[in-house]
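**Q** have a look at this prediction, sequence included:
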Number of protein chains: 2
Amino acid sequence: MHNATTAPSCIVNSTHFDCFEHLTKEEAELLETNKRDVKFKKGEMIAKQGSFASHVVFLKEGLVKVYLEGNQKDLILKIVPDNHFLSLSSVFDGNNTFIYSVSTYMDSTATLISIDIFKQLVRNNAKFAHQIINVLNTNTAQIYGRFYCLSRKQSHGRVADIILCLSENVFNTKKFKLNISRNDLADLTGLSSESVNRIFKEFKEDKLIDIDGKSISVLDFDKLQEISTYG
Amino acid sequence: MHNATTAPSCIVNSTHFDCFEHLTKEEAELLETNKRDVKFKKGEMIAKQGSFASHVVFLKEGLVKVYLEGNQKDLILKIVPDNHFLSLSSVFDGNNTFIYSVSTYMDSTATLISIDIFKQLVRNNAKFAHQIINVLNTNTAQIYGRFYCLSRKQSHGRVADIILCLSENVFNTKKFKLNISRNDLADLTGLSSESVNRIFKEFKEDKLIDIDGKSISVLDFDKLQEISTYG
DNA sequence: TTAAAAAACTGATCTATATCAAGTTTTTAT
DNA sequence: ATAAAAACTTGATATAGATCAGTTTTTTAA
C-alpha cells in the first residue's frame, strides 16, 4: 500500500514532470525570450525568504536546499536536484514573496523565468497548468512525509530515513560518497550533529552500514527500513 | 514583512478562493450533475489515508481535521472549516490514493465530485486550474508554517500559536468557547494533554488568558505573540 | 437524581536528546 | 611542509516534555 508515513520520508522529490512539452510553439518561444540562466557558487543564496519574487526559479544544474528561516533554528524542507522547480509555491503566494529560502550545496545554474510570463502560460494553457498542479502535489506529498518524520519519529528512525533516501533517491546505489558535512546531516534530520554521529556509530557497530572516510555503504537495507518505520 | 515563520503558524487555512465562478455554463452543469452531497456525523471519517480516491471532496458544512496516520502518533496537518477543499493533493497523486485521512469534529456535509470530471475541468479550463493552483499554494504556505511550529518551537510557543490561531482565524474574537477537548488540543499542538494543561494554567496565572469553564479569553495579545515568536 | 464514566488536573518520575567540554582527526591555507 | 582552522568524535551533564499514577471535576446516562 502506498503510504506516505510508512515509507521512509525523503528529502528529495524524485518524480519529474516534463511541464514544458505541453507548450505551443509560440508559448515556448515566449518562454525562451523571457528566461535567463544564472550561475550560483556553492553556498550562495538563490532565493531569500520574505523577499519579492519576480521570477520563477527552475534548477538547471546543481543541488540546493530549500528551507524556512525563523527565530529558532532553520528547517530544511527539502533538497532539490537538477531539473526541478524551486519556487512554484512562492510565485502564487498573494504577496509574490518567497515563502522559503534557497541556497546551494554546490555550484549550480538556475533558470529564472519572468513571473508574469509564467502566470500567463498557466492562465492560458490548461495542460501546462495541469502539469504544474502535478508538480505541486508530488511536492506536497513529499513534504508531508518529511513533516511526519521530523515531528513523530525519533532519532534512529530519522537517521535511517536519511540514509535510505540518500541511497535510494539521491545516489541510486548502496555505496555512496557523502559530500555533505555531519552538520548538514544534522540539519537534515533536525538533530544535533553529536546525536547524528552517535547513531552513525551505532549503525556501524550493528553492521547496518559501513563507513569508510566519506563513503557510506548500506549493508542491511531491511533492518534500516524497519528502524525507519518503527523508530 | 510577510514571513510564515514569525507569524503564528495556524492550523486553519482562512484564505478562500471562489474557484467555481470561473467555470462556463456547460462546465457548471457538468459539475452539477456529477456531484453529490453526503452527510457525516461527528467523529466519522470522510477519507482514509491510503484508500482509493474516486472523488474530490469539498467541505460544504462543518469542521474537520486532516491528518497523517503512521506507526507513531497521528499528525494533524490542519483543520478545515466549511467551504474549503479537503482532498486536492490526493487526487493528483499518481496512485489516486488519499495521502491523508480526514475526520469530522462535528456533524458535517461534504460534496463529492467525480475525480474524472474534476480533472477534465482542470485540463480544459486554465482559469479554473489557476484558481486550483492558488488554493494548493495557500495550503502549502500554511502547512509550512505549521511544520516549522511543530518541529522548531517548544511547548509554550506552540500553545500560544494555537490560542492565537483559534482567536484570530477560527472564531474571530478575543473570547471564544472551546468545544474541543484538551486531548484534541494536545493533538493539535503535538504535546501531551498534561503539558497543554500545565501551560494553560501558567498562561492563566500570568494573566495572558482567562479560562472560565470552556470559555477562553485572550487578555494579553502582544505577550502571546511574543511567546509564539520566540518560544 | 445519582451512579458511572470520561475528562481534567496535579505532582513525581523517567527518558530522549540537546548542550557542554574536552579531545582527535581532517582539511585548508600559507 | 607545517601551522591554523575546521570538522569530527566521545563522554558527562542538563533539560524539556513524556509518561505514570493518582485525585478531582465534569459529563453522561440510567
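**A** Thanks, I have it. Bear in mind the structure is a predicted one, so any value in this text is a computation, not a measurement.
**Q** correct me, but residue A:126 touches residue B:126?
**A** Yes: counting by CB atoms under 8 Å, residue B:126 is a contact partner of residue A:126 at 4.2 Å. Quick note: C-beta positions are derived from backbone N, CA and C, even for glycine.
**Q** strands along chain A, start to end?
**A** A:35-40, A:45-47, A:55-61, A:63-68, A:75-81, A:84-85, A:101-104, A:108-114, A:175-177, A:209-212, A:215-218 (DSSP state E).
**Q** worst average pLDDT in these?
**A** Per-stretch mean pLDDT for these is lowest at strand A:175-177 (a mean of 85).
**Q** check which helices and strands that one sits against.
**A** strand A:215-218 (3 or more CB pairs under 8 Å, 6 or more residues apart in numbering or on different chains; DSSP states H and E).
**Q** buried residues, the strand it packs on. List them.
**A** For strand A:215-218, a neighbour-count test (16 or more other CB atoms under 10 Å in any protein chain shown) marks A:216, A:218 as buried.
**Q** circling back: so which of the strands of chain A gets nearest residue B:77?
**A** Judged by CB to CB, the one of those that comes nearest to residue B:77 is strand A:75-81, at 14.5 Å.
**Q** and the closest one, C-alpha only, in CSV?
**A** Only the C-alpha atoms of strand A:75-81 are listed here, as CSV (Å, rounded to 0.1, in the frame of the first residue of the first chain):
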residue,chain,number,x,y,z
LEU,A,75,14.1,24.0,9.0
ILE,A,76,15.2,22.2,5.8
LEU,A,77,12.0,21.4,3.8
LYS,A,78,13.7,19.5,1.1
ILE,A,79,16.8,19.3,-1.1
VAL,A,80,16.3,19.7,-4.8
PRO,A,81,18.3,18.2,-7.6
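**Q** any bit of it sitting next to chain B?
**A** Yes: contact between strand A:75-81 and chain B is present through A:75, A:77 (criterion: CB under 8 Å from any CB of the partner chain).
**Q** list the pairing partners of that strand within its sheet, with orientation.
**A** If you go by DSSP bridges, strand A:75-81 pairs up with strand A:63-68 (antiparallel).
**Q** could you dump the partner strand to PDB, C-alpha only?
**A** The C-alpha coordinates for strand A:63-68 follow below in PDB (Å, rounded to 0.1, in the frame of the first residue of the first chain):
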ATOM      1  CA  LEU A  63      21.900  20.700  -5.800                       C
ATOM      2  CA  VAL A  64      20.200  23.100  -3.400                       C
ATOM      3  CA  LYS A  65      18.400  23.100  -0.100                       C
ATOM      4  CA  VAL A  66      15.000  24.700   0.400                       C
ATOM      5  CA  TYR A  67      14.500  25.900   4.000                       C
ATOM      6  CA  LEU A  68      12.400  28.000   6.300                       C
END
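**Q** return the most buried member of the strands of chain A.
**A** Stretch with highest mean neighbour count among the strands of chain A: strand A:63-68 (a mean of 23; mean count of other CB atoms under 10 Å in any protein chain shown).
**Q** relative to strand A:55-61, how tilted is it?
**A** Angle between the axes of strand A:63-68 and strand A:55-61 is 140 degrees (criterion: axes from the mean of the first three to the mean of the last three CA atoms, to 10 degrees).
**Q** residue A:207: what's it in contact with?
**A** Contact analysis of residue A:207 by CB atoms under 8 Å, 6 or more residues apart in numbering or on different chains lists A:219-220.
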